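> predicted model, plus sequence, below.
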Amino acid sequence: MDISYISLALSFLLLIIPIVLIRLTGLKLMRQLLISILRMVIQLAMIGLVLEFLFTKGSVWTTLGWFLVMIGSAVYITYERLDMPFRFLFPIIAMPLMVSSLVVMPYLALLVLPVNPFWEPKVLIPIFGMILGNCMNGTALAVDRFTSDIKSNQNAYRTWIAMGATRCEAVLPFFRKAMKMALMPR
Amino acid sequence: MGLKKAQNWFNYKKPCLIFSRNTFALMTESLFSLNIKRLYHENIELCGAFQIDIPTGSKTVITGDTGCGKTSLLQLFNRMNEHYDGTILFHGQKIMTLPIAELRHKVIQLMQEVFLGEEKVEAALRYPFTFHINQNRKLDEKLLKILMEQLRLPETILKRNIGELSGGEKQRLAVIRALLLEPDILLLDEPSSALDQNVSSLMLDFLLSCNLCTIICVSHDPRWIERFPRNLHIKNRTVIEKKV
């Protein structure tokens, strides 16, 4: 089922809401808004083309390849969002995303979802998108909480270090708090 | 009265020596000997060349004007500050060759701003015993009881939340927690800054009579400085020993 051109045009009418708000509040965001609208249109058109190819002519390999692209951009986006000086955290950010891809996705595709073939892109790609999205949020929240906690509680960290704790032991309380935050149902 | 009782009790435990594999270390008198050529902080020179010996069981106060490098000097002993040229020996061994956690559980520093934890007092006192370095040790309940008595803290305080405590209570508990780990040396950074006069003199009497470990303390408080038997004064970028 395709959306007609008229419906597509109607969807653009929704943009009146932010435009009116920007006008009313006198914010100088109009230029940025227009640029991002343009970017959205181009991005969606390109993604549409790729997805159409994947859904109609795709194989197990093209689907896997697309998963890699999704993981790569998810890691990149999470990393950018955190704007951290800690380069060494990069593998830590990539890890949960990798686990979700290498464990959760195959589990769902092979054992849970009644799809045939097992790599059916129409089903797997949207589900993978949702899993990655959730994962990105959880990871970003946990890492952000962890680093900001350490920054604002240096005294606690130094107290434990000065009593013979290893670095890992000294940050363990912060780690626990961050994990609690990430695992808490939202 | 209280002081005498403290002395009787404190004598029952002698400062213990670790690193027994180094028999030479057991024969040396000084716990620490520093031979520093230069002490600096972010490329600014704080002190030129100096030599210090810290004998086992001694009580030393470090004095000097604000920003002259008192804390930097204090933190040389536990490698919290490594901005120096020279050598530091602990029990005759270079501290740079010792595992850092092993050094720091024998050379405990209390931060200027006391941090105990976020839960109950008792949990906070037990927390350092969960560290790997302390895995074979247990909190000595008898010692805890005696230390609390000496520092006039009621036993009920163990059940209280840390958030409810006063600055003086926190400071005393921090000292108790450090001593429960039986360090060779205790480093204190301005311990009297948050204390009222009564608690301050109680703490001072306690520290001076404590035979559990060697003590080095940074202080501005004239009442503290005059009572310490040994005073290392930092002035004009040198460390001089003031005779008291």
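Cool, the structure landed. Numbering: from 1, shown residues only, chains lettered A, B, ... in the order given.

> name the residues of chain B found near chain A, please.
Within chain B, the residues that sit near chain A (C-beta under 8 Å from any C-beta of the partner chain) are B:78, B:80, B:101-102, B:104-105, B:108-111, B:113, B:115, B:118, B:128, B:130-134, B:178, B:181. C-betas here are computed from N, CA, C, even on glycine.

> how is chain A divided into domains?
Using automatic domain parsing, the domain parsing of chain A gives A:1-57, A:60-186.

> show me the one of those that comes nearest chain B.
Chain B lies closest, by C-beta to the nearest C-beta, to one member of these: domain A:60-186, at 3.0 Å.

> pLDDT of the closest one, averaged?
For domain A:60-186, the mean per-residue pLDDT is 85.

> mind checking the SS state of the residue of chain A most remote from its centre?
Centroid-distance maximum for chain A: residue A:163 at 39.1 Å, with C-alpha atoms, centre = their mean. Three-state call for residue A:163 (DSSP: H, G, I helix; E, B strand; the rest coil): coil.

> who's in contact with it?
By C-beta atoms under 8 Å, 6 or more residues apart in numbering or on different chains, the residues touching residue A:163 are B:104-105, B:108, B:128, B:131, B:178, B:181.

> number of nearby residues for residue B:231?
17 (other C-beta atoms under 10 Å in any protein chain shown).

> tell me if I'm right that residue B:171 and residue B:191 touch.
Yes. The criterion here is C-beta atoms under 8 Å, and residue B:171 meets it with residue B:191 at 6.3 Å.

> quick check: chain neighbours aside, which residue is closest to residue 53?
With no chain named, the answer covers chain A. residue A:62 (7.7 Å; C-beta to C-beta, 6 or more residues apart in numbering or on different chains).

> my question was about chain B
residue B:30 (4.5 Å).

> please name the bridge partners of that neighbour.
Residue B:30 has the following beta-bridge partners by DSSP bridges: residue B:55.

> I figured it hits residue B:52, correct?
No. Using C-beta under 8 Å, residue B:30 makes no contact with residue B:52, being 9.2 Å away.

> show me where chain A has strands.
Using DSSP state E, chain A contains no strands.

> what do you get for chain B?
Going by DSSP E, chain B shows strands at B:30-41, B:44-47, B:50-55, B:59-64, B:84-90, B:93-94, B:107-110, B:185-189, B:214-218, B:230-235, B:238-242.

> picking up where we left off before, could you report the neighbour count for the residue nearest to residue A:53?
15.

> who's in contact with it?
Going by C-beta under 8 Å, 6+ apart, residue A:62 touches A:53-54, A:121.

> outside of stretch B:144-154 itself, list whatever touches it.
Stretch B:144-154 is contacted from outside by B:2, B:6, B:9, B:125, B:155, B:157, B:169, B:172-173, B:175-176, B:179-180, B:202-203, B:206, using C-beta under 8 Å, 6+ apart.

> give me that answer again for 7 Å
Residues from elsewhere that reach stretch B:144-154, judged by C-beta atoms under 7 Å, 6 or more residues apart in numbering or on different chains: B:6, B:9, B:155, B:169, B:172, B:176, B:179-180, B:202, B:206.

> out of these, who has the most neighbours?
Counting by other C-beta under 10 Å, residue B:172 has the largest number of neighbours within those, with 26 neighbours.

> how close does that one get to residue B:197?
Separation of residue B:172 from residue B:197 (C-beta to C-beta, to the nearest Å) stands at 15 Å.

> one step back: who's in contact with the residue nearest to residue B:53?
Counting by C-beta under 7 Å, 6+ apart, residue B:30 makes contact with B:53-55.

> please list only the buried members of the residues of chain B next to chain A.
Buried by 16 or more other C-beta atoms under 10 Å in any protein chain shown: B:78, B:80, B:101, B:104-105, B:108-111, B:113, B:115, B:128, B:131, B:133-134, B:178, B:181, out of the residues of chain B next to chain A.

> ok, back up a step: of the strands of chain B, which is nearest residue A:156?
strand B:107-110 (13.2 Å; C-beta to C-beta).

> each with direction, which strands does that closest one pair with?
Here strand B:107-110 is paired, per DSSP bridges, with strand B:185-189 (parallel).

> gap between the partner strand and the chain center?
Using C-alpha atoms, centre = their mean, to the nearest Å, the mean C-alpha position of strand B:185-189 is found 2 Å from that of the whole chain.

> residue contacts, the residue positioned nearest the centre of chain B?
Nearest to the mean C-alpha position of chain B, counting by C-alpha atoms, centre = their mean, stands residue B:186 at 1.8 Å. Residue B:186 is in contact with B:108, B:178, B:213, B:215, counting by C-beta under 7 Å, 6+ apart.

> the second one reaches residue B:108, doesn't it?
Yes. In terms of C-beta atoms under 7 Å, residue B:178 counts as a neighbour of residue B:108; the distance is 4.7 Å.

> most distant residue from the centre of chain B?
Of all residues in chain B (C-alpha atoms, centre = their mean), residue B:43 lies farthest out, 27.0 Å.

> count of neighbours near the spatially closest residue to residue A:146 that is not a sequence neighbour?
Once flanking residues are discounted, residue A:146 sits nearest to residue A:178: 3.9 Å by C-beta to C-beta, 6+ apart. Residue A:178: 21 surrounding residues under other C-beta under 10 Å.

> return the set of buried residues in the lengthiest helix in chain A.
As assigned by DSSP state H, the longest helix anywhere in chain A is helix A:121-152. Neighbour-count burial for helix A:121-152 flags A:121, A:124-125, A:128, A:131-132, A:135-136, A:138-140, A:142-147, A:149-150 (criterion: 16+ other C-beta under 10 Å).

> then stretch B:77-89?
B:77-81, B:83-84, B:88-89.

> next: stretch B:188-196.
Neighbour counts using 16+ other C-beta under 10 Å place B:188-192, B:194-195 of stretch B:188-196 among the buried residues.

> and which of these is nearest to residue A:22?
residue B:194 (51.4 Å).

> separation between the closest one and residue A:153?
Plainly put, residue B:194 is 18 Å away from residue A:153 if you go by C-beta to C-beta.

> same thing with residue B:43?
Residue B:43 is 28 Å from residue A:153, where distance means C-beta to C-beta.

> same question, residue A:59
Distance from residue A:59 to residue A:153, by C-beta to C-beta: 51 Å.

> who has more neighbours out of the two?
Taking neighbours as other C-beta under 10 Å, residue A:59 and residue A:153 compare with residue A:153 leading, 16 against 12.
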